[in-house]
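Sequence plus the predicted model coming up.
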Amino acid sequence: MNLVGQMMYMPLLLSSLLQQAARHTGSVEIVSRRVEGDIHRYTYRDCHARSMQLANALTSRGIVAGDRVGTLAWNGYRHMELYYGVAGIGAVCHTINPRLFPEQIAYIINHARDRLVCFDMSFAPLIEQIAHLCPQVETWMMLCGEAALPPSFAVPLESYESFIDGQPQHFVWPQFDELQAAVLCYTSGTTGNPKGVLYSHRSLTLMAYASVSPDALCLSACDVVSPVVPMFHVNAWGLPFSAPMVGAKLVLPGPKLDGESLCTLFEQEGVTVSAGVPTIWLGLVDYMRRTGKRNPLFKRAIVGGAACPPQLATSMRECGIDTIHAWGMTELSPLGTVCSPSPGYASKCADEQARIDAKQGRAIAGIDLKIVGSGGEELPWDGKSAGDLMARGHWVLDRYYGVDQSPLEDGWFPTGDVATIDADGYMQITDRSKDVIKSGGEWISSIELENVAMSHPEIAMAACIACEHPKWDERPLLIAVRRPDSALTAAELLAFYDGKVAKWWIPNDVIFVSELPLTATGKLQKLTLRQRFGKHYVEGSAPSA
Ligand code: ADP
């Protein structure tokens, strides 16, 4: 006979995280650098109170469970209130990436059927451009006070502060099924239209619980956490949920993400841990090297969203900052792996440790991974066999929003990444399947070639793409940005590969450019590079050996 456990049942709801922070670590600060340019500071208790005002305002406006509320906003306290106020009443906070094309933004606002869209002042020109394309939006709301509203605008506007002003600072968060949707986030749509990933209260809460553990992001009440990764990009990797969960001070950097702005903010606010894509850390480390500035409190940078070049990790270490490599994707909410030490790590030599640090890491509790070959057969965890990476777990997508057919294969989500897994469980991405270079039927890892180029002292950034080739089908082409004042030649850079990778992996040519195109989420835009340079070896004078 089944015997049911006799413990309390409390649904895993996001509102409980903020309520916990307000009740138990209520005086801990949330500091925001605002779009207006100044610094705003208040406490978890204040954040909870204003989120409850928002919940009251939304309810009296007729926003009900299941309705979607769009946000186009930087990392800041009002965005935080929207996360909790909207999801807390059972509605869905739809975070929109403002760096997408305007037509894509209009597409996802319509696809999500947002009733209300809240946006930072800096996005007003964008809203003027797209508002007429989104007729079902009932209210456009600017995240500011009444006085800051523009005197004339393409559509009627409301101010957020007037919306919540005068509302009671008390609200009883409804208890509902934890499987209900809380947040909606669209993939960046590098191919085709963006696809919606609809997170549940349960999936986000469970990820928050798993992510704070020592082998994951290792967060505690003694940390000062600054998510540089935007709140419009997969919930800033869950930090707006995990920081209140442990009662850590939260520092939200707003729109200024250059090296100098981050360095100053981190120093002023005592930030101990932060998270962002490699390009952010390249900017910070560049600034710290130029100015000689050091910050003894800032110890840990979580690097994800794209591979962390080993050279970046070395430069960060020289500035006193440890990098922690993490891998994930929108469909994984996004945390999948974190590169934390396993038992044998401490006894390994520095080179071997660096090789491990370059890997994307081990699956965090709650996530399972496997790699499969072209016939779907599971490949061994030997650190060498590369196959399609599949994931399953409590916060992995089951199906896309508004799409009936599930992408799952036998209960596993195909990530679109190609990876190896070693005997200790460390996963290493060799490529995104669409970026793999297939030369004479063999695979070459573009990430590894980029890492070698980036370790050259005169290279600032590098991308490696598959380039059509008359003899080998595809050959690697390196596109690189030199550091200022460098006169490095293609031949010198190619010679740098000698002894670092197999001879046949070495790119046939290098093209130097002044900058590389980045995607809406700050990653190398390889599609654009392939369109521009993909025929370099078949057209014209390029070396074709
Ligand atoms: P998209 O880039 O498609 O908008 P995501 O932001 O969800 O979507 O990116 C997920 C992808 O980013 C992963 O599938 C993987 O290819 C890449 N990625 C994320 N983290 C890492 C990492 N640490 N190393 C290498 N690639 C990564």
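On my side now, so go ahead.

Tell me how many other residues surround the nearest residue to S122 once chain neighbours are set aside.
Nearest residue to S122, sequence neighbours excluded (CB to CB, 6 or more residues apart in numbering): V35, at 5.0 Å. C-beta coordinates here come from the backbone N, C-alpha and C atoms, glycine included. Counted with other CB atoms under 10 Å, the neighbours of V35 add up to 20.

Quick check: V35 vs C134, distance?
From V35 over to C134 the distance is 22 Å, taken as CB to CB, to the nearest Å.

quick one, what contacts the residue nearest to S122?
Residues near V35 by CB atoms under 8 Å, 6 or more residues apart in numbering: 74, 76, 120-122, 143, 254-255.

same thing but at 7 Å, please
Neighbouring residues of V35 by CB atoms under 7 Å, 6 or more residues apart in numbering: 74, 120-122, 254-255.

what's the most distant pair in those residues?
Farthest-apart pair in those is M121 and G254; separation 11.2 Å (CB to CB).

How about P334, nearest residue that isn't a chain neighbour?
According to CB to CB, 6+ apart, the nearest residue to P334 is G328 (3.4 Å).

That neighbour pairs with what?
L335 (DSSP bridges).

Let me see the confidence value for it.
Here the pLDDT value assigned to G328 is 96.

same question, the one 5 residues further on
The predicted structure scores S333 at 97 on the pLDDT scale.

Just to check, it is in contact with L397?
No: under the criterion of CB atoms under 7 Å, S333 makes no contact with L397, lying 8.3 Å away.

what about those two, which has more around it?
Set S333 next to L397 and count neighbours by other CB under 10 Å: S333 wins out with 29 against 23.

Could I get the contacting residues of the more buried one?
199, 203-204, 207, 234, 238, 395.

Tell me which other helices or strands the helix or strand where T430 lies touches.
When elements are assigned from DSSP states H and E, T430 belongs to strand 427-432. Strand 427-432 sits against strand 413-421, helix 446-454, with contacts defined as 3 or more CB pairs under 7 Å, 6 or more residues apart in numbering; DSSP states H and E.

Please, where are all the strands along the stretch 151-300 of the chain?
157-159, 181-186, 196-200, 224-227, 249-252, 273-276, 300-303 (DSSP state E, counting those that start in this stretch).

re the thing from before, between the contacts of S333, which is nearest H48?
Distances from H48 to the contacts of S333, taken by CB to CB, are shortest for L204, at 17.6 Å.

Can you report how many residues lie near the closest one?
Neighbour count for L204, taken as other CB under 10 Å: 27.

Now do it against V234, distance only.
L204 is 11 Å from V234, by CB to CB.

what mean pLDDT would you report for the strand holding T430?
According to the model, strand 427-432 has a mean pLDDT of 93.

swap in stretch 234-251?
Across stretch 234-251, pLDDT averages out at 98.

Run the chain-centre distance for it.
Offset of stretch 234-251 from its chain centre (CA atoms, centre = their mean, to the nearest Å): 13 Å.

Can you give me the first-to-last residue distance of it?
Distance between the two ends of stretch 234-251: 18 Å, counting by CA to CA, to the nearest Å.

got it, and stretch 25-44?
7 Å.

could you pull out the helices for the stretch 401-545 of the chain?
446-454, 490-495, 526-533 (DSSP state H, counting those that start in this stretch).

So which of the ones you listed is the most surrounded?
helix 446-454 (a mean of 22; mean count of other CB atoms under 10 Å).

so where's this structure uncertain?
189-192, 540-545 (pLDDT under 70).

and the longest helix along the chain, which residues are buried?
The single longest helix within the chain, with elements called by DSSP state H, is helix 44-60. For helix 44-60, a neighbour-count test (16 or more other CB atoms under 10 Å) marks 44, 46-59 as buried.

Ok, stretch 340-350 next?
For stretch 340-350, by 16+ other CB under 10 Å, it's 340, 342.

ditto for stretch 423-440
Residues 426-432, 435-437, 439 are the ones in stretch 423-440 that count as buried (16+ other CB under 10 Å).

Quick one: which of the contacts of S333 is the most crowded by neighbours?
Ranked by neighbour count (other CB under 10 Å), those have M207 at the top, with 29 neighbours.

contacting residues around the closest residue to it other than its chain neighbours?
Closest residue to M207 apart from its sequence neighbours, by CB to CB, 6+ apart: W395 at 4.3 Å. Residues counted as contacts of W395 (CB under 7 Å, 6+ apart) are 203, 206-207, 332-333, 366.

which pair in the residues you listed spans the largest distance?
For the contacts of W395, and using CB to CB, no pair is farther apart than L206 and L332, which are 12.2 Å apart.

Comparing the two, which residue is more hemmed in?
Between L206 and L332, counted using other CB under 10 Å, L332 has the larger neighbour count: 23 against 19.

For the closest residue to the more buried one other than its chain neighbours, the count of nearby residues, please.
Nearest residue to L332, sequence neighbours excluded (CB to CB, 6+ apart): V396, at 5.5 Å. As a burial measure, V396 scores 24 neighbours (other CB under 10 Å).

coming back round to it: packing partners of the longest helix of the chain?
Counting by 3+ CB pairs under 7 Å, 6+ apart, helix 44-60 packs on helix 14-24, helix 77-88, helix 160-164.

buried stuff in the shortest one?
Put plainly, it is helix 160-164. So for helix 160-164, counting by 16+ other CB under 10 Å, buried means 160-161, 163-164.

All set, thanks.
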